[in-house]
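> Sequence plus predicted model, see below.
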Amino acid sequence: MYRRRLTSLPLFFSHFHQVKRADQLKIYQAFSTEIINPVESESSSTRNSPYVAFVLGGPGSGKGTQCLKIAETFGFEHIGAGDLLRKEMYSSTEEGAMIQKLMREGSIAPSEVTVKLIQKAIESAENRKFLIDGFPRSEENRTAYERIIGAEPNFVLFFDCPEEVMVKRVLNRNEGRVDDNEHTVKERLKVYKAVTLPVVNHYAKKGKLYKIDGTGTQEEIFERVRPIFSSLSSLV
Ligand SMILES: Nc1ncnc2c1ncn2[C@@H]1O[C@H](COP(=O)(O)OP(=O)(O)OP(=O)(O)O)[C@@H](O)[C@H]1O
Ligand SMILES: Nc1ccn([C@H]2C[C@H](O)[C@@H](COP(=O)(O)O)O2)c(=O)n1
Ligand SMILES: [Mg+2]
């Protein structure tokens, strides 16, 4: 069954041409989407475990916006790690107060807290296909997920966007977020470069990373994302 389903893949990948980078990683490039060593794994839904895509990118790179479109078009459940933490933040607990402080500083919450919230969201959903948006933000997040959930993601989407574009989007967001201000966005960018980009590189080396050009209109970006999910619909 697995082999038969994979026969559609060469068709999909024929839209991409292979190029070699200086570091010898193979990259399949189509328009602005790079698939670094694409790996197709057996359909998780057939094994009854969740099918998971992590969604990464800097603050304002468009993760949440694109996740909404993917969820609507391809039937994935969208779990925003930041959204879960924000919900927790508004609970009048000690943990809520701690999260609020971290968010204002642009820091990352303790991995155990975030992973437990994600675990609860996965377990309470009827859907078995998930987009986990804004996670893992650090190597510690990543290893905590592997330890607590006992699995790796099926693949990772990464929205690559210039810093000035991200800052402009964040400062125009106007959703009342405690971290949407010039000071916090600068801190978040520092954390992103120092702590999140190594996680992106980890998945690139493992052949699990789809790198998407995050510039242009929301629609243009979604057209770069669409083929990835279209090619999956026969697998998951
Ligand atoms: N392609 C785009 N062009 C212009 N504005 C965009 C685009 N994509 C998203 N936006 C807007 O930019 C802001 C940030 O987008 P979004 O919330 O999706 O980013 P994010 O990556 O989830 O950021 P964060 O990590 O801070 O949650 C939002 O106001 C959104 O409407
Ligand atoms: N894995 C995560 C995800 C998010 N946070 C905190 C820190 C972020 O600045 C904030 C907002 O997240 P976003 O909505 O931008 O994904 O939430 C975290 O600590 N750990
Ligand atoms: Mg977001």
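Cool, the structure landed. Numbers count the residues shown, from 1 in each chain. Ligands and ions are numbered 1, 2, ... in the order given.
> Spatially, which residue comes closest to the residue in the chain positioned nearest to ligand 2, not counting chain neighbours?
Closest contact between the chain and ligand 2, by Cβ to the nearest ligand atom, is at G82 (2.1 Å). Bear in mind the C-beta positions are built from the backbone N, C-alpha and C, glycine included. Leaving aside its sequence neighbours, G82 sits nearest to G134 (Cβ to Cβ, 6 or more residues apart in numbering; 4.8 Å).
> for the one you found, phi and psi?
phi 80, psi 30 (degrees, to the nearest 10).
> Read off the pLDDT value for it.
As predicted, G134 sits at a pLDDT of 98.
> what's around it, how many residues?
23 (other Cβ atoms under 10 Å).
> Contact partners for it?
Contacts for G134 were tallied using Cβ atoms under 8 Å, 6 or more residues apart in numbering; they are 55-56, 63-64, 80-82.
> what's the helix or strand for the most centrally placed residue in the chain?
In the chain, the centroid-proximal residue (Cα atoms, centre = their mean) is V55; its distance is 0.6 Å. Element membership for V55 (DSSP states H and E) is strand 51-57.
> Likewise for T143?
Using DSSP H and E, T143 falls in helix 139-149.
> Now the element after that helix, going C-ward?
strand 155-160.
> which neighbours does that next one have in its sheet, and in what orientation?
strand 51-57 (parallel), strand 209-213 (parallel) (DSSP bridges).
> Past that strand, which element shows up next along the chain?
helix 163-171.
> How about residues contacting that next one?
For helix 163-171, contacts defined as Cβ under 8 Å, 6+ apart pick out 58-62, 180-182, 185, 189, 214-215.
> Is there proximity between that helix and ligand 2?
No. Judged by Cβ under 6 Å from any ligand atom, helix 163-171 stays clear of ligand 2, getting no closer than 8.9 Å.
> Tell me the buried residues in that helix?
163, 165-167, 169-170 (16 or more other Cβ atoms under 10 Å).
> ok, now stretch 210-221?
So stretch 210-221, judged by 16+ other Cβ under 10 Å, has buried residues 210-212, 214, 221.
> got the residues of the chain near ligand 1?
Residues of the chain lying near ligand 1 (Cβ under 6 Å from any ligand atom): 57, 59-65, 82, 134, 169-170, 173, 217-218, 221.
> ok, which pair from those is furthest apart?
G82 and T217 (23.3 Å; Cβ to Cβ).
> if we can go back for a sec, please convert the buried residues of helix 163-171 to JSON lines, extending it with pLDDT.
As requested, the buried residues of helix 163-171 are exported to JSON lines (pLDDT from 0 to 100):
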{"residue": "E163", "pLDDT": "98"}
{"residue": "V165", "pLDDT": "98"}
{"residue": "M166", "pLDDT": "98"}
{"residue": "V167", "pLDDT": "98"}
{"residue": "R169", "pLDDT": "98"}
{"residue": "V170", "pLDDT": "98"}
